[in-house]
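**Q** 3D, please:
(2 chains)
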Amino acid sequence: MTLGFFLVLVAIGFLVGGFGALAGIGGGVVLTPLVAIYYGLPMHQAIGVSLVCVIATSTATSALYVEQHVTDIRLGMLLELATTLGALIAALMARHIDRRTLALMFACFLTYSAFSMVGKAWGSRKREEEAPVTDYQVKNYPLGMAASLVAGAFSGLLGIGGGPIKVPVMYLFMKVPLRVATATSNFMIGVTAATSAIVYWGHGDVNLNIAAPLVAGTFAGSLLAARIKHQVHTFYILILLIAVTGLFAVQMFYKLATGGFR
Amino acid sequence: MKRESAGTDRALARTLKIGAYSAFGCIVVGLALHFAGFGDRVTTIGMIVLLATPVLRIIVAGVQFLREHDIAYVLVSLGVLGIIALAYVLGLHA
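**A** Numbers count the residues shown, from 1 in each chain, chains lettered A, B, ... in the order given. Next up is the predicted model:
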């Protein structure tokens, strides 16, 4: 590993971890395609690297959310039964799925994420004071468990956190306030990603030379972002992230169409 | 759903913080040692701390639930730990 190569990775980790934490996304959705497209890592390794970065963001930012009492720990841990199971099954299955199929699934998920962030950006146009969390009654546990199983499977298969699946289900169907849903989803991601990361690690798919500088950058970025979160307007960050994920989606589809990702 | 006791929140936040900062520290020191030509041992330790922090967090939560005599959630914690243990066995030794 040369010093220049190392510094670029630290910088990428810092930006993705920082912007990701500010916008409330894990960053896996950006990191997996980035290392797969620009560093030419095989999909399984790109996913392994992304998973460890996602754990770093989740750990760094959920400490703060838990401190602010906006995380529903019991709900999170109950749903973790489903996310970890999904993640374990998917991580074990992933080695039997070929690279191009994984890349195609990822490209589809990227497109979905870009659109879901458009909705999020629309909602954050106006800067609002965060209202205190009111009492709520959690509903629809079976649906929440099912969605968590799916989110966990996506996490183990694609190296992402799965927030775009869990947060809407918790908010719309389980009637959890949005702030609590976001914090709780973020809280669950560390455990979920750790489950599949252990499997990827065991298969030799966590490339230390790429993962370590990225994780160092991600930690620094998300720890800093968690501190300044309230002074930043997330609208422009979301626009940036939509542009980046949209660009990566196009690049992945193009590379697939021209026979790449073998 | 019962809101979490301040004690549980404090214990978990502390666990996550200690885990985050020690993994970060190990990886930074490990990368410096890598460039000084000392190999990757400390970096690997940092990665293991990173992977172990979420596991530790489940144990801390489980102990808090036990203190509150909430047996159902002690079982939930043990269940999640069990799945991670399975990942360890199937992933690293299969």
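
**Q** how about residue 73, what does it touch?
**A** No chain was given, so I picked chain A. Taking Cβ atoms under 8 Å, 6 or more residues apart in numbering or on different chains, we find A:Ile73 in contact with A:66, A:184, A:187, B:4, B:8-9, B:12, B:61. In this view, the C-beta of every residue, glycine as well, is placed from N, C-alpha and C.

**Q** that's the wrong chain, I wanted chain B
**A** For B:Tyr73, the contact set (Cβ under 8 Å, 6+ apart) comprises A:74, A:77-78, B:61-62, B:65.

**Q** mind checking which of the residues you listed land in strands?
**A** Among the contacts of B:Tyr73, none falls in strands (DSSP state E).

**Q** are any of these buried, and which?
**A** Neighbour counting by 16 or more other Cβ atoms under 10 Å in any protein chain shown classes A:74, A:77-78, B:61-62, B:65 among these as buried.

**Q** which ones are touching the closest residue to chain A within chain B?
**A** Relative to chain A, the nearest point of chain B is B:Gly91 (3.4 Å; Cβ to the nearest Cβ). B:Gly91 is in contact with A:91-92, A:198-203, counting by Cβ under 8 Å, 6+ apart.

**Q** check those residues and tell me the two furthest apart.
**A** Pairwise distances across the contacts of B:Gly91 (Cβ to Cβ) peak at 13.2 Å, for the pair A:Leu92 and A:Trp201.

**Q** between the two, point out the one with more neighbours.
**A** A:Trp201 (23 against 18; other Cβ atoms under 10 Å in any protein chain shown).

**Q** residues contacting that one?
**A** A:Trp201 touches A:48, B:47, B:51, B:91-92, counting by Cβ under 8 Å, 6+ apart.

**Q** which one of those residues is nearest A:Thr192?
**A** Once Cβ to Cβ is applied, the member of these that ends up nearest A:Thr192 is B:Leu51, at 12.4 Å.

**Q** where does pLDDT dip in the stretch 1-150 of chain A?
**A** Applying pLDDT under 70 to the stretch 1-150 of chain A picks out residues A:1, A:126-132.

**Q** get me the contact residues on it for chain B.
**A** Proximity of the stretch 1-150 of chain A to chain B is confined to A:1, A:3, A:6, A:52, A:55-56, A:58-60, A:62-64, A:66-67, A:69, A:71-75, A:77-78, A:80-81, A:84-85, A:87-88, A:91-92, A:136-138 under the rule Cβ under 8 Å from any Cβ of the partner chain.

**Q** filter these down to the ones in helices?
**A** Members of the residues of the stretch 1-150 of chain A next to chain B lying in helices (criterion: DSSP state H): A:3, A:6, A:52, A:55-56, A:58-60, A:62-64, A:66-67, A:73-75, A:77-78, A:80-81, A:84-85, A:87-88, A:91-92.

**Q** any of those buried? List them.
**A** Buried among these (16+ other Cβ under 10 Å): A:6, A:52, A:55-56, A:58-60, A:62-64, A:66-67, A:73-75, A:77-78, A:80-81, A:84-85, A:87-88, A:91-92.

**Q** and the helices in chain B?
**A** Using DSSP H, helices in chain B cover B:6-35, B:41-67, B:71-92.

**Q** list the buried residues for the longest one?
**A** By neighbour count, with 16+ other Cβ under 10 Å as the criterion, the buried positions of helix B:6-35 are B:8-9, B:11-13, B:15-17, B:19-24, B:26-28, B:30-31, B:34.

**Q** keep those residues, but drop any that are not near chain A.
**A** Counting by Cβ under 8 Å from any Cβ, the subset of the buried residues of helix B:6-35 that neighbours chain A consists of B:8-9, B:12-13, B:16-17, B:19-20, B:23-24, B:27-28, B:30-31, B:34.

**Q** tell me which element A:Gly26 is part of?
**A** A:Gly26 is part of no helix or strand, with elements assigned from DSSP states H and E.

**Q** how about the one 4 residues further on?
**A** When elements are defined using DSSP H and E, A:Val30 is found to belong to helix A:28-38.

**Q** what do you get for A:Thr182?
**A** helix A:178-202.

**Q** which SSE is immediately downstream of that helix?
**A** helix A:208-228.
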